[in-house]
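Peer 1: structure for the following, please:
(one chain, ligands or ions: 1)
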Amino acid sequence: MKILVVGGVAGGASFSARMRRLNEKAEIIMFERGEYISFANCGLPYYAGDVIKEKENLLIQKPEKFGKRFNIDVRILNEVLSIDRVNKKILVRNRKTGEKYEETYDKLVLSPGAEPVMLPIEGADLEGVHRIRTVPDIEVVRKKIDSGKVKKAVVIGAGFIGIEMAENLAHRGVETYVVEMLDQVMPNFDKDMAVIIHREIVRNGVILNLNDKVCKISKQNDALCVETESGKKIVVDIVIMASGVKPEVQLAKDAGLKIGNKGILVDEYMRTSDPNIFAIGDAVEVKNPITGTIMHIPLAWPAVRQALVAANNIAGVEDKYKGTIGTSVVKVFSKTVAMTGINEKMLVKMNLPYEKIYLYPANHAGYYPGASPIALKILYNKETGEIFGVQAVGGEGTEKQIDIFSVAIRAKINIENLADYDFCYAPPYGSSKSPVNFAGMVAKNHRLGLSPLTHWDRLKGDEFLLDVRTKEEVEETRVENAYHIPVDELRNRLDELPRDKKIAVFCRVGVRAHIANRILIQNGFKSYNISGGYKAYVNYMQAKMQGNEPGFLVTEETINEVFCTTPTWEKNK
Ligand SMILES: Cc1cc2nc3c(=O)[nH]c(=O)nc-3n(C[C@H](O)[C@H](O)[C@H](O)COP(=O)(O)OP(=O)(O)OC[C@H]3O[C@@H](n4cnc5c(N)ncnc54)[C@H](O)[C@@H]3O)c2cc1C
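Peer 2: Predicted coordinates:
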């Protein structure tokens, strides 16, 4: 069997190695248009930031060594130009010699990846405007920073590549602006979680300009002038274009393979519309098993898993790809930002019946030094209890929670059952009730009506708002129009509360409000715990206030504004 592979990085190299492990006799040729195979795309921003010091560390496999170990004909600097499906052959151009030649196949595997979107604006092609995809791309950026001439930078786009680049530029002492067309960073997150990321970015000196589009880049002596639709003109030494990626589908399209909304269409065996051609990685569209919808989710795990599925099926070992739920993590300065599944925005759009929980548990026992909170937003099906998605922002241990939730989603574990699982615990590592257990307990209490929940964005204005924090906490951070009774005084002051109104009770994060909720319910009041308490209030208010006007700058001042603002439900009364 003769197998040709287009692309030699995450998907292509993983496929080739697995294929060889399954079939010693197959002839395997891997074509890579660049000069490197199997390099660490994910490490590129950290090389610019000098966190990864040596370029060599980005090169996971060298062509000669990889070719020798797996007996694969690795052809770097060879670009596949077209596919002739009728005669089962491809046309290749050797980029070193310019020579063109053909190669026949029994099976063809496409793993050409996704390319950065270069905005169709004046000046996008100027020297000094960079995209980040390959080792040569990042080498140019790194050399410029090393020269000491890069004092100011604009990063266009606040997805994970943009944010990673901004962090690494800031790490090198470069004054960095991020311009994002949406009203928040990290579009996979809901805005009430993204604002936590906004605070971390701004706290580290990066200037965050939301709800703004770059419309023009021009030369200004040795610098570049970046103009935005809101009228800003930012003069910088370097521009990083990180405004998303698009699947490389041209080769497949020209060959008449079926293309979906964005990527190449494949079945669960990773076969394209031609049974002799498989496609994997960033170039394909996949099913999201939570919603059943087809999506483009360009991440390394799917590329590698799909590579194994394709190799298994070609080798006759039946295997199915079970979809992608978008489990991902990114470092944002001192915060770990991770998520799995789908967000609230999408649930609203799809009109799915959901409930949500906000939790702020510590990553390990509070009494052991170094404990830090993890902000968690958990979304689940309010009818079946199946988990839709989870977003988390915190320190150490954050991604561990998300990995557990990812398995729970895949295994369709009912949220209430999360209370039943035992996890590692000793003070330096966790708590006897892990954040995942907590989610199960809170959901169960809510579903059984033992401690019903509500949310800041669901308050109508006719509730009696009850703050059960301490006097000191309230003096420091007051929520306007909230009636204050510390939880420890509640049993003796019940006659101060109305019996004809819903009581919406909150504390700092939700634990004391749960105690209050139980006292009130057992005394005949109609009471609800506002999930996430005051911490969720700050995020809710900041989400309302940040990024609505064009060119909104997130600054310490705009972050602090929330502390002297009337809640929206009060304004709406
Ligand atoms: C800066 C950056 C950071 C990232 N960080 C993360 C992260 O932290 N976590 C994560 O999960 N994912 C991350 N990703 C995404 C991840 O790298 C991709 O999802 C993964 O590499 C996709 O694998 P692939 O094989 O589909 O494509 P790629 O790895 O992009 O490989 C495709 C290769 O095919 C070659 N090619 C294309 N067309 C042809 C042709 N016609 N002929 C020959 N060769 C061709 C290209 O040159 C390319 O080298 C990051 C990506 C980037 C760019």
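Peer 1: how about stretch 292-309: buried residues?
Peer 2: Neighbour-count burial for stretch 292-309 flags 294-300, 302-309 (criterion: 16 or more other Cβ atoms under 10 Å). (Each C-beta comes from the backbone N, C-alpha and C, glycine too.)
Peer 1: what's the answer for stretch 502-516, then?
Peer 2: Using 16+ other Cβ under 10 Å as the test for burial, stretch 502-516 gives 502-516.
Peer 1: over to stretch 81-101?
Peer 2: Neighbour-count burial for stretch 81-101 flags 83, 85, 88-90, 92-93 (criterion: 16+ other Cβ under 10 Å).
Peer 1: and it, how far out from the chain middle?
Peer 2: How far stretch 81-101 lies from its chain's middle: 37 Å, per Cα atoms, centre = their mean, to the nearest Å.
Peer 1: what is the rounded mean pLDDT of it?
Peer 2: Average pLDDT, stretch 81-101: 98.
Peer 1: go ahead and name everything in contact with it.
Peer 2: Residues outside stretch 81-101 that contact it (Cβ atoms under 8 Å, 6 or more residues apart in numbering): 4, 6, 31, 33, 75, 77-80, 102-106, 108, 251-252, 254-256, 274, 276-277.
Peer 1: show the buried residues in those.
Peer 2: Members of those classed as buried by 16+ other Cβ under 10 Å are 4, 6, 31, 33, 75, 77-80, 103, 105, 108, 251-252, 255, 274, 277.
Peer 1: so who does the residue in the stretch 301-450 of the chain positioned nearest to the ligand touch?
Peer 2: For the stretch 301-450 of the chain, the residue closest to the ligand is residue 303, as judged by Cβ to the nearest ligand atom, at 3.5 Å. The contact partners of residue 303, taken as Cβ under 8 Å, 6+ apart, are 10-11, 14, 111, 280-282.
Peer 1: mind checking the SS state of it?
Peer 2: helix (DSSP: H, G, I helix; E, B strand; the rest coil).
Peer 1: how about it: what's its closest non-neighbour residue?
Peer 2: Closest residue in space to residue 303, ignoring its immediate chain neighbours: residue 281 at 3.6 Å, by Cβ to Cβ, 6 or more residues apart in numbering.
Peer 1: the one you found: neighbour count?
Peer 2: By other Cβ atoms under 10 Å, the residues close to residue 281 number 33.
Peer 1: and if you look at the one 3 residues further on?
Peer 2: A count of nearby residues for residue 284, using other Cβ under 10 Å, gives 33.
Peer 1: which residues touch it?
Peer 2: Contact analysis of residue 284 by Cβ under 8 Å, 6+ apart lists 247, 263-266, 270, 296, 306.
Peer 1: in helices, which of those residues appear?
Peer 2: residue 306 (DSSP state H).
Peer 1: closest to residue 555 among the contacts of residue 284?
Peer 2: Closest approach to residue 555 among those (Cβ to Cβ): residue 296, at 34.0 Å.
Peer 1: contacting residues for the nearest residue to that closest one once chain neighbours are set aside?
Peer 2: Leaving out its chain neighbours, the residue that sits closest to residue 296 by Cβ to Cβ, 6+ apart is residue 262, at 4.4 Å. Residues counted as contacts of residue 262 (Cβ under 8 Å, 6+ apart) are 246-247, 249, 285, 296.
Peer 1: which residues does the residue of the stretch 151-300 of the chain found nearest the ligand contact?
Peer 2: With Cβ to the nearest ligand atom, the shortest gap between the stretch 151-300 of the chain and the ligand falls at residue 281, namely 2.1 Å. Contact partners of residue 281, counting by Cβ under 8 Å, 6+ apart, are 7, 10-12, 111-113, 298, 302-303, 306-307.
Peer 1: what about residue 135, neighbour count?
Peer 2: Residue 135 has 18 neighbours, counted by other Cβ under 10 Å.
Peer 1: what do you get for residue 551?
Peer 2: As a burial measure, residue 551 scores 16 neighbours (other Cβ under 10 Å).
Peer 1: what does the closest residue to it other than its chain neighbours show for phi and psi?
Peer 2: In space, and not counting its chain neighbours, residue 551 is closest to residue 230: 2.6 Å by Cβ to Cβ, 6+ apart. Per-residue torsions, residue 230: phi -80, psi 0 (degrees, to the nearest 10).
Peer 1: so who does residue 230 touch?
Peer 2: 209, 211-212, 550-551.
Peer 1: residue 402 too?
Peer 2: Counting by Cβ under 8 Å, 6+ apart, residue 402 has contacts 327, 329, 338-340, 390, 392.
Peer 1: what does residue 172 give?
Peer 2: Taking Cβ under 8 Å, 6+ apart as the criterion, residue 172 is in contact with 48-50, 145, 150.
Peer 1: could the contacts of residue 281 go into CSV alongside pLDDT and distance to residue 497?
Peer 2: Below are those laid out as CSV (pLDDT from 0 to 100; distance: Cβ to Cβ, whole Å):
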residue, pLDDT, distance to residue 497
7, 98, 65
10, 97, 59
11, 98, 61
12, 98, 66
111, 98, 63
112, 98, 64
113, 98, 60
298, 96, 53
302, 98, 52
303, 98, 57
306, 98, 57
307, 98, 61
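Peer 1: low-confidence ranges in this structure?
Peer 2: Residue ranges of the chain with pLDDT under 70: 563-573.
Peer 1: thought residue 435 was touching residue 423, still the case?
Peer 2: No - look at residue 423 against residue 435 with Cβ atoms under 8 Å: they stay out of range, at 9.2 Å.
Peer 1: neighbour count for the two, which is higher?
Peer 2: residue 435 (28 against 16).
Peer 1: got the phi and psi for the more buried one?
Peer 2: On the backbone of residue 435 - angles per degrees, to the nearest 10 - the values are phi -50, psi -30.
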